[in-house]
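Visitor: Take a look and give me a structure for this.
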Amino acid sequence: MSKITAAELGNKPIGKLLIQQAVPASVGILVMSLNILVDTIFVGNWIGPVAIAAINVVLPVSFFIAALGMAIGVGGSSVVSRALGANHSEKALRTFGNMISLTLILSSALVILGLLFVDFLIPAFGGKGDIFEPARIYYQVVVSGVPFLALCMMGNTVIRAEGKPKFAMVAMIIPSVVNLFLDYLLINVLEMGMLGAALATTASYIFCFIYVFWFFLSKNSELKISLSHFGFKLPILREISSLGFVTLARQAVVSVIYLLMNNILFDLGGENAVTVYAIIARMLMFALFPVLGVTQGFLPIAGYNYGAREFSRVKESIRTAVIYASGLALLVFAGIMFFSEDIVKIFTGNEEIIAATPSAMRWVFAATPIVALQLIGAAYFQAVGKALPALLLTLSRQGFFFIPLVLILPNYLGELGVWISFPLADVLSTIVTGYFLHREVKSNLKPD
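Guide: Below you'll find the model as predicted:
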């Protein structure tokens, strides 16, 4: 990162800086989400609704492995941002080198294990009945390419930590464009079915990796590492792991949720119920892109200014991020409430699924206007290097509240109990996060 760009994180107006960081992040997340969304639409219309359920079964396994890269990236980037804010450039370089080594070793090891236990993992995540075979075809190809995705996700967070959000945005756009083009070619033109969908996805990971690799070799990056930086340093690994574990734990909980949801819904309503959840899960990834973009833009601003001990700017960044993200979340909420039926019809023409999905989707998004506080609050503790509260607050929404609710409520309310669990978990976790964030601001963000 150039010195001018570093200085901007510490002295530009927070509102302008947040927009500068959040817009490219939002666009990147939007394009990536659109990729997943349109990919699902293509699969649903060109292969069939069971194929949507099959992809939903594979996602938690492949995303968990890829989330290793994101976890290492988020944890390491927090270290990099604070090191740059404190003018410790050598620590930033050593951290980046360790991040690359750790991502490559761990993701490759998990891929090998994932391929060895394919016939156990697919049924365990809900790939039963007619879903099993298409899920197996998709799984074997996609998981093989996941190390490329893990490296991309790790590299993308570092690009953003360098203060280069536009390059990070392009890194997210490239795989989306490649995947959609190859989806059309391999599924619709060459009629390769699930194999075509899997090959398109894997190829998109590889193209993204090539771009990220080029960025760090080019003059655009200031993190010019040497071979000596790849050697592990225990203190740095501890710091990366303690902060990255927050992201990894969150993705692990997401994978557990997919496992529970696919199995609970299959038992309650068969393949159609799993397909309903698959459509809603895609909308959860897609619809919240502006809120997630603000969260991503907030991280380097808070981390840099905390490292520079500019606590008044940290407080301002929290307040501004919550206001921006809450306004955007309210717009998302309105869109889902009014257009849920039209949204479902884009994915499939199956009348049973069209009838069942809109009401379920409205329940799932019912508490959307308040989730911004929970996301920004948890992100703050991660940005400033406070691993334990970041972990607990990140897990509160889906782990501590949602999982118990979804295990209990369906026993009394059936499928409705599954959908009601979402807003209840959002409300409870937001209350908890708001309390701890308020206490942190009052106690630890006082001017020097």
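Visitor: what separates Cys208 from Ile257, distance-wise?
Guide: Per CB to CB, to the nearest Å, Cys208 is found 26 Å from Ile257. All C-beta spots, glycine's among them, are computed from the backbone N, C-alpha and C.
Visitor: Looking at the two, which one has more neighbours?
Guide: Cys208 (27 against 18; other CB atoms under 10 Å).
Visitor: Spit out the contact partners of that one.
Guide: 148-149, 152, 171-172, 174-175, 178 (CB atoms under 8 Å, 6 or more residues apart in numbering).
Visitor: Pull out the buried residues from the residues you listed.
Guide: Buried members of the contacts of Cys208, counted by 16 or more other CB atoms under 10 Å: 148-149, 152, 171-172, 174-175, 178.
Visitor: what's the closest of those to Ala378?
Guide: Met172 (21.6 Å; CB to CB).
Visitor: Show me what the helix or strand harbouring that closest one packs onto, helices and strands only.
Guide: Taking DSSP states H and E as the criterion, Met172 maps to helix 165-183. Secondary-structure packing of helix 165-183 (3 or more CB pairs under 8 Å, 6 or more residues apart in numbering; DSSP states H and E): helix 14-46, helix 146-161, helix 193-217.
Visitor: between that helix and helix 193-217, how many degrees?
Guide: 160 degrees (axes from the mean of the first three to the mean of the last three CA atoms, to 10 degrees).
Visitor: Buried ones in helix 165-183, by neighbour count?
Guide: 165, 167-176, 178-180, 182-183.
Visitor: Same question for stretch 277-294.
Guide: Neighbour count says stretch 277-294 has 277-283, 285-294 buried, by 16+ other CB under 10 Å.
Visitor: Show me how far it is from its chain's centre.
Guide: Put simply, stretch 277-294 sits 10 Å off its chain's centre (CA atoms, centre = their mean, to the nearest Å).
Visitor: if we can go back for a sec, what residues does the helix holding Met172 touch?
Guide: 20-21, 23-25, 27-29, 31-32, 34-35, 38-39, 42-43, 152, 155-157, 159-160, 196-197, 199-201, 203-205, 207-208, 211-212, 215, 220, 297.
Visitor: buried subset of those?
Guide: Buried among the contacts of helix 165-183 (16+ other CB under 10 Å): 20-21, 23-25, 27-29, 31-32, 34-35, 38-39, 42-43, 152, 155-157, 159-160, 196-197, 199-201, 203-205, 207-208, 211-212, 215, 297.
Visitor: Show me where this structure dips below the pLDDT cut-off.
Guide: Filtered on pLDDT under 70, the chain yields the residue ranges 1-7, 9-10, 28, 32, 35, 222, 246, 447-448.
Visitor: Mind naming the longest helix for it?
Guide: helix 234-287 (DSSP state H).
Visitor: now the angle from that helix to helix 146-161?
Guide: Using the same axes, to 10 degrees, the direction of helix 234-287 lies 100 degrees away from that of helix 146-161.
Visitor: If you count neighbours, what's buried in stretch 111-126?
Guide: Applying 16+ other CB under 10 Å to stretch 111-126 flags 111, 114, 121-123, 125-126 as buried.
Visitor: Quick check, Ile65 in contact with Val143.
Guide: Yes. Between Ile65 and Val143 there is a contact under CB atoms under 8 Å: 7.0 Å.
Visitor: Give the residues shared as contacts by the two.
Guide: 111, 114.
Visitor: Mind telling me the two of the buried ones among the contacts of Cys208 farthest from one another?
Guide: The most distant members of the buried ones among the contacts of Cys208, if one measures by CB to CB, are Phe148 and Met172, lying 14.1 Å apart.
Visitor: what angle sits between the helix or strand harbouring Phe338 and helix 14-46?
Guide: Per DSSP H and E, Phe338 falls inside helix 311-347. Angle of helix 311-347 versus helix 14-46, following the same axes, to 10 degrees, is 20 degrees.
Visitor: Distance from helix 311-347 to the middle of the chain?
Guide: For helix 311-347 - counting by CA atoms, centre = their mean - the centre lies 16 Å from the chain centre.
Visitor: repeat for stretch 370-385
Guide: 14 Å.
Visitor: Using CSV, list the CA coordinates for that stretch.
Guide: Provided in CSV are the C-alpha atoms of stretch 370-385 (Å, rounded to 0.1, in the frame of the first residue of the first chain):
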residue,chain,number,x,y,z
ILE,A,370,-32.1,-4.5,12.3
VAL,A,371,-29.4,-6.9,11.2
ALA,A,372,-26.9,-4.1,10.2
LEU,A,373,-26.2,-3.4,13.9
GLN,A,374,-25.4,-7.1,14.5
LEU,A,375,-23.1,-7.3,11.5
ILE,A,376,-21.2,-4.1,12.1
GLY,A,377,-20.9,-4.8,15.8
ALA,A,378,-19.3,-8.2,15.3
ALA,A,379,-17.1,-6.8,12.6
TYR,A,380,-15.8,-4.1,14.8
PHE,A,381,-14.3,-6.5,17.4
GLN,A,382,-12.7,-8.5,14.5
ALA,A,383,-11.2,-5.3,13.0
VAL,A,384,-9.6,-4.2,16.2
GLY,A,385,-8.1,-7.6,17.0
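Visitor: The spatially closest residue to Gly114 that is not a sequence neighbour and Asp183, how far apart?
Guide: Excluding its sequence neighbours, the residue lying closest to Gly114 (CB to CB, 6 or more residues apart in numbering) is Val143, at 5.0 Å. Distance, Val143 to Asp183, by CB to CB: 18 Å.
Visitor: Equivalent analysis for Ile343, please.
Guide: According to CB to CB, Ile343 and Asp183 sit 20 Å apart.
Visitor: same thing with Ala252?
Guide: From Ala252 to Asp183 the distance is 29 Å (CB to CB).
Visitor: For Ser101, pull up the helix or strand it's in.
Guide: Here Ser101 is assigned to helix 89-116, by DSSP H and E.
Visitor: likewise Arg309?
Guide: Counting by DSSP H and E, Arg309 is found in no helix or strand.
Visitor: How many neighbouring residues does it have?
Guide: By other CB under 10 Å, 12 other residues sit near Arg309.
Visitor: next one: the one 5 residues further on
Guide: Per other CB under 10 Å, the neighbour tally for Val314 reads 25.
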